[in-house]
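Trainee: what follows is a predicted structure for the sequence shown.
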Amino acid sequence: MALLELHDFHYSYGNIHVVKGIDLTVEEGEIVTLIGANGAGKTTTLQTISGLTDSKGVRGRIVFNGKEITGLKGNKIAKMGLVQVLEGRHVFSKLTVEENLLIGAFTRKDSRKIREDLKSVYHRFPRLEERRLQSGGTLSGGEQQMLAIGQALIANPKMILLDEPSLGLAPLIVAEIFEAIREINREGTTILFVEQNSKIALNTASRGYVMQNGEIILQDTSEHLMNDENVRKAYLGGTD
């Protein structure tokens, strides 16, 4: 049984049909990517999975860990172990780094394990420990992305959804962020992510879905997608 399943999933904003009957699965332990042009419906898909859109716009079924979560609020979904890192590094600018991280534990009661997980985040992102008493708003873009991912990890999730983790970051920082994503997955967390940089997305994920105008037009292993001529022309900068 897949950890996450979308069955004939639609989403509409009023009369605007944004996502048009897609089917998608993510197996436990996988990294899967969703690629496509801006406006394809990728972000709406992630936000609806994690309960951050108006449930009135949803049709179809979303199943997580064997339970239907269609239309549930985001806090309930987070308690079930499905957590999203939003596009744009939404951190609390006036709170310290450590206060931001501990907000990720709002669904938890196990204070000793929370402290252990906080140490684990600092081990993974040493710059966050160095800046733990700084306010989140004083961090660089890359550090804020680390903070957003760390906040998700403190929630002790079974699965993380990431929306555009490389957005606006320098290449060296992007490489560091994606290496962290791979490590998080190797340690047992399932990941589904949306990414405009299709090359790094397919180099990171084991499988991918290509989304266009609200529909899934192609799905395959990352290796096959990278060798698909149409994908290369449309999303990977040519056929060379």
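Mentor: That came through, no problem.

Trainee: what comes up buried for stretch 223-230?
Mentor: Buried positions in stretch 223-230, judged by neighbour count with 16 or more other Cβ atoms under 10 Å: 225-226, 228. Every C-beta, even on glycine, is put in place using the N, C-alpha and C of the backbone.

Trainee: the residue nearest to Phe9 when sequence neighbours are not counted: what's it in contact with?
Mentor: Closest residue to Phe9 apart from its sequence neighbours, by Cβ to Cβ, 6 or more residues apart in numbering: Gly60 at 3.9 Å. The contact partners of Gly60, by Cβ atoms under 8 Å, 6 or more residues apart in numbering, come to 6-10, 21, 70.

Trainee: kindly recompute the last result at 6 Å.
Mentor: Shown here is Gly60, whose contacts under the criterion Cβ atoms under 6 Å, 6 or more residues apart in numbering are 7-10.

Trainee: what number of residues lie near Met159?
Mentor: Residues near Met159, counting by other Cβ atoms under 10 Å, number 23.

Trainee: so it touches Leu82, yeah?
Mentor: Yes - with contact taken as Cβ atoms under 6 Å, Met159 and Leu82 are classed as touching, separated by 5.1 Å.

Trainee: could you list the domains of this protein?
Mentor: Taking automatic domain parsing as the reference, the chain has its domains at 1-81+158-240, 91-156.

Trainee: okay, the ones you listed in a markdown table with mean pLDDT next?
Mentor: What follows is the domains of the chain, written out as a markdown table (pLDDT from 0 to 100):
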| stretch | mean pLDDT |
| --- | --- |
| domain 1-81+158-240 | 94 |
| domain 91-156 | 94 |
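
Trainee: list the contacts of Asp8.
Mentor: Contacts of Asp8 by Cβ under 6 Å, 6+ apart are 21, 60.

Trainee: so it belongs to a strand, correct?
Mentor: Yes - secondary structure assignment places Asp8 in a strand (DSSP: H, G, I helix; E, B strand; the rest coil).

Trainee: and the residue positioned nearest the centre of the chain, bridged to which residues?
Mentor: Most central residue of the chain, judged by C-alpha distance to the mean C-alpha position with Cα atoms, centre = their mean, is Leu162 at 1.5 Å. With DSSP bridges as the criterion, Leu162 is bridged to Val85, Phe193.
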